[in-house]
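S.K.: Give me a 3D structure for the following:
(2 chains)
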Amino acid sequence: MNIIENVKKSIGDAVISALNLSIEKGEVPAPEEKIDFESILKLEIPKDKQHGDFACNIAMMLAKPLKVAPRKIAEGIVSCLEKNADIEKVEIAGAGFINFYLTNNYLYSVLSAIEKMGTDYGKIDMGKGKKVMIEFVSANPTGPMHMGNARGGALGDCMASVMEYAGYEVTREFYINDAGNQIEKFGKSLEARYIQELKGEDAIEFPEDGYHGEDIRDHAREFIKLNGDKYLETSSEDRKKALVDYALEKNIKYLETDLGKYRIFYDVWFRESELHKSGAVGEAIKRLTDSGYTYEEEGAIWLNCEKMGLEKNEVLVRQNGIPTYFAADIAYHINKLETRKYDLAIDVWGADHHGHVARMKGAMAAVGLNPDSLEVVLMQLVRLTRDGEVVRMSKRTGKAITLSDLLEDVSIDVARFFFNMRMAGSHLDFDLDLAVKESSENPVYYVQYAHARICSIIKALANEGVSVLPFEKINPGVLKEESELELLKKLCELPEEIRLAAISREPARITRYSIELATAFHSFYNACRVKCEDEELMGARLKLCASVGTVLRGILKMLKIDAPEQM
RNA sequence: GCGCCUGUAGCUCAGCUGGAUAGAGCAAUUGCCUUCUAAGCAAUGGGCCAGGAGUUCGAAUCUCUUCAGGCGCGCCA
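M.R.: Predicted structure coming up:
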């Protein structure tokens, strides 16, 4: 139920029929060529309340094609407007805006809508049940997660929730890169540490491009506890395989646990190795070859990206016969769109991967899939600051700060909220001082506080025998104060915010909305007392509070942030 | 060098499918608790929307260009 959209629709229809009528009457000249009025008509909520509740621009848009002054057109439209009980008055202003001032009835109806839908208020059917997969984080399983993964996690997870609210059928997926070069490096690193642990540091040289982290040593030690030195005798191949099998599964478990702590739960954990085993990678390459997009050079198989209008060609199969990550990724996306029949696949990637986007889409087109079915949301990287300075390393470990490090300092609510305050495309400064503060400055508490306050009011009144009444039993018409109307308007906006957040893949809109709703509530709270002598007014205000509480609970649940009843 | 992204208040950011006087939070200053949670509210100050040109009745928003910053351009992933 999108109240604002409904109102816009009804005003828009009224404007168009008035326009047609006034053309018929000859007050406004007919266009020389047919114009689709509906497509140029725009109704917006003016920034300044003095300009009414909704403003229409159509007179200005038609001024040029009709060769008439915009105010003249506006006058023609207004004179032919049908009377409508919900429209209080209509004014022509500025260059030719038609401003509509409505009665408050549409605002009051939101209370009824919220009562009916409860915490589901805001859900819309824009997606029509289309199947969408959102793949996010997909952190390298050779080590712990970094800040980029932390942001990607909050972003992808909330994007998924927003898409669900918008009526899509959403799958959250984690792609495990458990094959290819990096696993090879992982194996070599583990092997080196294994031998070093048993035979001393000098027994084997650590690979130059290996993983130097302490976690690799830990894996080797744990592995020795379980298996002793028996892998010293085996071939390097078997040794690496045993080490990788052990450490990889453990790392994947860690990833799952850490993400779970972060309240992210995936529907699917998809392994790259499956694509290699099933032959899907080979098939993908064959399809590209069959459609004439590949060629051989210097013993490698290349994808002809120039044929797709791109700058550079890319290797699909190396000289050594091993397919590249790119080849596997093509197979993976064919799997998403074709095998598993998703209508839309959204990938959340770090901005440093942007070069990969065009060729991935190009490859989709080359195998005959719609490249628009694959969407990539690029996310700028995160900068942590403390005392105004950029923090790169953890003080404790001296290494890059991991997600678990962050969650030791900062609550999960705060982390999820902060990572979703900024749009994906903007660089995100994560202010650790602010995040740690449990005070008014911290926007998370600001929103939660609004919810706790509402719960407190409801409880206090319940103790005096006053309870929240159903919509039919209250008289919303007594809500006339500025702050009450502003709050009602804010409540009306949610479905539209969900629509915009879903369409632009920007869950940050909802985080911001939660702050705006909290602001509107705090403002109301200070301006209007709920508990008062006038029972009718008290009933209406209490209903308003309860509605705001419901909506806040709904949004916070969507963002997977706690909604405490007291603070 | 080529490509992508960014540039809005002292700081962090909204606003960008063109609309009326450019917004919020933080920071600064000043008020508001004998009555529902002051983790709150109200008010004040703060801007050549990086610079320039163009399109338009109208530009922070669209186009071109200059400048500044970030990132990418591997038989890495």
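S.K.: going forward, measure contacts between C-alpha atoms and count neighbours the same way
M.R.: OK.
S.K.: tell me which parts of the stretch 301-450 of chain A are close to RNA strand B?
M.R.: A:312, A:314-315, A:317-320, A:324-326, A:351-356, A:380, A:422-423, A:425-429, A:438-441, A:443, A:445-446, A:449 (C-alpha under 7 Å from any atom of the strand).
S.K.: Now which of these would you call buried?
M.R.: Taking 16 or more other C-alpha atoms under 10 Å as the criterion, what is buried in those is A:314-315, A:317, A:324-326, A:351, A:380, A:422-423, A:428, A:443, A:445-446, A:449.
S.K.: count of residues packed around the residue of the stretch 101-250 of chain A found nearest RNA strand B?
M.R.: Taking C-alpha to the nearest atom of the strand as the measure, the point where the stretch 101-250 of chain A comes nearest RNA strand B is residue A:181, at 4.0 Å. Using other C-alpha atoms under 10 Å, residue A:181 is surrounded by 14 other residues.
S.K.: Also residue A:322?
M.R.: As a measure of burial, residue A:322 has 13 neighbours, counting by other C-alpha under 10 Å.
S.K.: Narrow the buried ones among the residues of the stretch 301-450 of chain A next to RNA strand B to those in helices?
M.R.: A:325-326, A:443, A:445-446, A:449 (DSSP state H).
S.K.: which residues does the closest residue to residue A:342 other than its chain neighbours bridge with?
M.R.: Closest residue in space to residue A:342, ignoring its immediate chain neighbours: residue A:131 at 5.2 Å, by C-alpha to C-alpha, 6 or more residues apart in numbering. Beta bridges link residue A:131 to residue A:169 when assigned by DSSP bridges.
S.K.: All the strands of the stretch 201-350 of chain A, in order from the start?
M.R.: Under the criterion DSSP state E, counting those that start in this stretch, the stretch 201-350 of chain A carries strands at the ranges A:268-271, A:294-297, A:300-303, A:314-317, A:344-350.
S.K.: Run through who's touching the first one.
M.R.: Pointing back at strand A:268-271 there. Counting contacts by C-alpha atoms under 8 Å, 6 or more residues apart in numbering, the residues outside strand A:268-271 that touch it are A:171-178.
S.K.: Tell me the spacing between residue A:461 and residue A:538.
M.R.: When distances are taken as C-alpha to C-alpha, to the nearest Å, residue A:461 and residue A:538 turn out to be 10 Å apart.
S.K.: Kindly report the same for residue A:317.
M.R.: In this structure, residue A:317 and residue A:538 are 72 Å apart, going by C-alpha to C-alpha.
S.K.: Repeat that for residue A:92.
M.R.: Remark: distance between residue A:92 and residue A:538 (C-alpha to C-alpha) = 38 Å.
S.K.: same thing with residue A:87?
M.R.: Applying C-alpha to C-alpha to residue A:87 and residue A:538 gives a distance of 27 Å.
S.K.: Of those two, which one has the most company?
M.R.: The neighbour comparison of residue A:87 against residue A:538 (other C-alpha under 10 Å) goes to residue A:538, with 21 against 16.
S.K.: can I assume the more buried one sits in a strand?
M.R.: No - when classified by DSSP: H, G, I helix; E, B strand; the rest coil, residue A:538 is found to be helix rather than part of a strand.
S.K.: List the contacts of it.
M.R.: Contacts for residue A:538 were tallied using C-alpha under 8 Å, 6+ apart; they are A:530-532.
S.K.: ok now do residue A:550, which residues does it touch?
M.R.: Contacts of residue A:550 were listed using C-alpha under 8 Å, 6+ apart, and they are A:114, A:118-119.
S.K.: Just the buried ones from the residues you listed?
M.R.: Applying the neighbour count, that is 16+ other C-alpha under 10 Å, the buried entries in the contacts of residue A:550 are A:114, A:118-119.
S.K.: how about residue A:106, what does it touch?
M.R.: Contacts were defined as C-alpha under 8 Å, 6+ apart; by that measure residue A:106 touches A:3, A:7, A:86.
S.K.: Of these, which belong to helices?
M.R.: A:3, A:7.
S.K.: Now rank the contacts of residue A:106 by neighbours and give me the top one.
M.R.: Ranked by neighbour count under the definition other C-alpha under 10 Å, the contacts of residue A:106 are headed by residue A:3 with 20 neighbours.
S.K.: Burial check on the residue nearest to it when sequence neighbours are not counted, number of neighbours?
M.R.: Using C-alpha to C-alpha, 6+ apart and skipping the chain neighbours, the partner closest in space to residue A:3 is residue A:492 (6.2 Å). By the other C-alpha under 10 Å criterion, the neighbourhood of residue A:492 contains 26 residues.
S.K.: Do I have it right that residue A:492 meets residue A:4?
M.R.: Yes - in this structure, residue A:492 is within contact of residue A:4 by C-alpha atoms under 8 Å, at 6.5 Å.
S.K.: so what sits against both of the two?
M.R.: When C-alpha under 8 Å, 6+ apart defines a contact, no residue borders residue A:492 and residue A:4 alike.
S.K.: So what's the residue count around residue A:112?
M.R.: With neighbours defined by other C-alpha under 10 Å, the count for residue A:112 comes to 16.
S.K.: pLDDT wise, what is it at?
M.R.: Per-residue confidence for residue A:112 comes out at a pLDDT of 96.
S.K.: Which helix or strand contains residue A:360?
M.R.: For residue A:360, the element it lies in under DSSP states H and E is helix A:355-366.
S.K.: So what's the gap between that helix and the chain middle?
M.R.: A distance of 23 Å separates the C-alpha centroid of helix A:355-366 from that of its chain, computed with C-alpha atoms, centre = their mean, to the nearest Å.
S.K.: With stretch A:342-356 instead?
M.R.: From the chain centre to the centre of stretch A:342-356 is a distance of 13 Å (C-alpha atoms, centre = their mean).
S.K.: same thing with stretch A:182-199?
M.R.: Distance of stretch A:182-199 from the chain centroid (C-alpha atoms, centre = their mean) equals 39 Å.
S.K.: So residue A:141 versus residue A:178, what's the distance?
M.R.: To residue A:178, residue A:141 is 7 Å away according to C-alpha to C-alpha.
S.K.: about what we covered before: mind listing the shared neighbours of residue A:461 and residue A:538?
M.R.: Counting by C-alpha under 8 Å, 6+ apart, the shared contacts of residue A:461 and residue A:538 are residue A:531.
S.K.: could you dump the strands of the stretch 201-350 of chain A to CSV with mean pLDDT?
M.R.: Written out in CSV, the entries for the strands of the stretch 201-350 of chain A read as follows (pLDDT from 0 to 100):
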stretch, mean pLDDT
strand A:268-271, 97
strand A:294-297, 93
strand A:300-303, 95
strand A:314-317, 94
strand A:344-350, 94
